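[1] this one's sequence-less:
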Ligand code: UD1
């Protein structure tokens, strides 16, 4: 089969790396990079480190308001699909690139396969939630990472084409964990001692575009009593700067540029705890066995909370401080994201399609 895969943002590069490797064993993949993330440390470094093939198309959409960005991707993907006439379009996760890719394909009656289908935060104020819901409802094959995701889809009446395959991020992490331990020098570069520092990531608009929330988070991190390593997403840098906070951060907060996958994996692996508003980082913390403090009121990855490895604290300063000091998971983790091999299981399902289903 000829498969057009659409990626555009950092977490999608991570997810596409193991799947692309599997896909290319038996299918022809045409890789499209929308250009949603374009800074070298947000894009190029992932292609290099994860050995992702060079994209066949780079759409260069760049940043912009949601409607404009989504619309630009939609129009440009449509042109690619007209030219390539693929059997299937593959989209990942929940970004504007996901939604636009899925819509372009569905309108052209090209079957859509959604990797990481069925995730829900039940919070429609998150742009990602809208992207997920719409993408799932126009998808023909829905690859779910968890049983919760399968249930979420069933609750919305989606049962056809649903496959519980596990999480491709497990594949990426297992493939790279030892490589990161061998190759990454991030701990030495930052002078860090294993399990004696925190890692924090913040990039959700609910936290960055709201001065009170960002102040509350930074204030809490200042009370951590240990180094807090803070790789800065460009949006977060912009807002910290706008609020005049960038040059007045507490001394224990170490701001660094966004990291590539291997350095980030190594940094998380060695951390005492992780505080984040990212979905992917919550999952990686769980898989690495590092307690996670989630700077949101809700999560799509409910299993990590149910298992006691993740705690939801929002942007509440008191709760964040308490979690930094007290939060200690009791038991071990289950295999809620499935075993290694999700990428292979997805390709098996695609192989079985034979004559692909047209909607
Ligand atoms: C996007 C996804 C989010 C995902 C995240 C991973 C949507 C709606 N959101 O959010 O689900 O968790 O990617 O990082 O698709 N910028 C740069 N350089 C870049 C990229 C962005 O400077 O290479 C700046 C721009 O000012 C831009 C802002 O960051 O406006 C936000 O980027 P955008 O791609 O719109 O969304 P993310 O916040 O990264």
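    Now that the structure is in, tell me what you want to look at. Remember, predicted model here, so these are calculated numbers, not experimental data.
[2] tell me which parts of the protein are close to the ligand?
    Residues of the chain that fall close to the ligand, judged by Cβ under 6 Å from any ligand atom: 9-11, 36-39, 42, 63, 94-96, 127-128, 203, 234-235, 278. Where C-beta positions appear, they are placed from N, C-alpha and C, glycine not excepted.
[3] For the ligand, what is the nearest residue in the stretch 151-300 of the chain?
    Residue of the stretch 151-300 of the chain nearest the ligand, by Cβ to the nearest ligand atom: residue 234 (3.2 Å).
[4] one step back: of the residues of the chain next to the ligand, grab the buried ones for ChimeraX.
    Buried subset of the residues of the chain next to the ligand, written as a ChimeraX selection, criterion 16 or more other Cβ atoms under 10 Å:
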select :9,10,11,36,37,38,42,94,95,96,127,128,203,234,235,278
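[5] SS state for the closest residue to residue 284 other than its chain neighbours?
    Spatial nearest neighbour of residue 284, excluding adjacent residues (Cβ to Cβ, 6 or more residues apart in numbering): residue 268 at 5.9 Å. Taking DSSP: H, G, I helix; E, B strand; the rest coil as the rule, one finds residue 268 in the helix state.
[6] correct me, but residue 268 touches residue 283?
    No. Judged on Cβ atoms under 8 Å, residue 268 makes no contact with residue 283 at a distance of 10.9 Å.
[7] more neighbours, these two?
    Higher neighbour count among residue 268 and residue 283: residue 283, with 26 against 23, using other Cβ atoms under 10 Å.
[8] Residue 304 is in contact with that one, correct?
    Yes. Using Cβ under 8 Å, residue 283 makes contact with residue 304 at a distance of 7.0 Å.
[9] in this protein, what spans have low per-residue confidence?
    By pLDDT under 70, the low-scoring segments of the chain are 354-359.
[10] Show the contacting residues for residue 298.
    121, 122, 123, 312 (Cβ atoms under 8 Å, 6 or more residues apart in numbering).
[11] right, and residue 7 touches residue 33 too?
    Yes. Taking Cβ under 8 Å as the definition, residue 7 is a contact partner of residue 33 at 5.9 Å.
[12] Need the overlap of contacts for these two.
    Joint contacts of residue 7 and residue 33 (Cβ under 8 Å, 6+ apart) are residue 55.
[13] Those two: who's more crowded?
    Neighbours per residue (other Cβ under 10 Å) separate residue 7 from residue 33, with residue 7 holding more: 32 against 27.
[14] Distance check, that one against residue 53.
    Per Cβ to Cβ, to the nearest Å, residue 7 is found 11 Å from residue 53.
[15] which residue does the stretch 1-150 of the chain bring closest to the ligand?
    The nearest approach of the stretch 1-150 of the chain to the ligand comes at residue 95, 3.1 Å away (Cβ to the nearest ligand atom).
[16] which residues touch that residue?
    Residue 95 sits next to 8, 9, 11, 12, 36, 128, 131 when contact means Cβ under 8 Å, 6+ apart.
[17] The same query, at a cut-off of 6 Å, please.
    Applying Cβ atoms under 6 Å, 6 or more residues apart in numbering to residue 95 gives the contacts residue 9.
[18] wait, residue 321 sits on residue 219?
    No. Counting by Cβ atoms under 6 Å, residue 321 stays clear of residue 219, with 8.6 Å between them.
[19] So for those two, which sits in the more crowded spot?
    residue 321 (18 against 13).
[20] So which other helices or strands are in contact with the helix or strand that one falls within?
    Using DSSP states H and E, residue 321 sits within helix 317-326. Counting contacts by 3 or more Cβ pairs under 6 Å, 6 or more residues apart in numbering; DSSP states H and E, helix 317-326 is packed against helix 211-222.
[21] counting contacts, what elements does the helix it packs on pack onto?
    Using 3+ Cβ pairs under 6 Å, 6+ apart, helix 211-222 is in contact with helix 317-326.
[22] if we go to 7 Å?
    Applying 3 or more Cβ pairs under 7 Å, 6 or more residues apart in numbering; DSSP states H and E, one finds that helix 211-222 makes contact with helix 205-208, helix 317-326.
[23] Now do the SS call for residue 29.
    Relying on three-state DSSP, one would call residue 29 strand.
[24] how many neighbours does it have?
    For residue 29, using other Cβ under 10 Å, the count is 20.
[25] Identify the residues contacting it.
    Counting by Cβ atoms under 7 Å, 6 or more residues apart in numbering, residue 29 makes contact with 3, 5, 20, 23.
[26] Skip the chain neighbours and tell me the closest residue to residue 349.
    Leaving aside its sequence neighbours, residue 349 sits nearest to residue 163 (Cβ to Cβ, 6+ apart; 5.2 Å).
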